[in-house]
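Participant: This is the structure alone, sequence omitted:
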């Protein structure tokens with residue numbers, strides 16, 4: 001009755017797990033966000049990297065990976081305009 005993660009690590013997976021194609025905010029890395037500029041950007045969540053456990057987001061510039069993500073309020077989680085403007089594939 002355990003998941004693969006539970007069998008491997010002896011505890012349940014308790015990290016943030018957005019729903020596929022949900023709009024969320026991902027944290028920009030290092031020099032991508034200059035001092036005084038926004039450090040978070042919107043993207044479409046498409047999964048997690050199995051090796052690094054990083055979040056994968058589709059953006060208007062293409063596929064991005066990040067270590068930190070924030071879910072939006074329930075009424076803002078689905079954005080068709082952003083979904084139609086992103087580039088790349090999961």
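Facilitator: Here it is on my side, so go on. Only a predicted model underlies this, so the values are computations on that prediction, with no experimental measurement involved.
Participant: does the closest residue in space to residue 40 that isn't next to it in sequence belong to a helix or a strand, and which?
Facilitator: Once flanking residues are discounted, residue 40 sits nearest to residue 25: 4.3 Å by C-beta to C-beta, 6 or more residues apart in numbering. Bear in mind the C-beta positions are built from the backbone N, C-alpha and C, glycine included. Using DSSP states H and E, residue 25 sits within strand 23-27.
Participant: Pairing partners for that strand, with directions?
Facilitator: Using DSSP bridges, the strands paired with strand 23-27 are strand 40-48 (antiparallel), strand 69-71 (antiparallel).
Participant: hey, which of the ones you listed is tucked in deepest?
Facilitator: strand 40-48 (a mean of 18; mean count of other C-beta atoms under 10 Å).
Participant: Quick check: residue 20 touching residue 48?
Facilitator: No: counting by C-beta atoms under 8 Å, residue 20 sits too far from residue 48 to count as a contact (10.7 Å).
Participant: what's the span of stretch 71-87 from first residue to last?
Facilitator: 21 Å (C-alpha to C-alpha, to the nearest Å).
Participant: same question, stretch 48-56
Facilitator: Distance across stretch 48-56, first residue to last, is 5 Å (C-alpha to C-alpha).
Participant: Could I get the buried residue list for it?
Facilitator: Buried residues in stretch 48-56, counting neighbours by 16 or more other C-beta atoms under 10 Å, are found at 48, 54, 55, 56.
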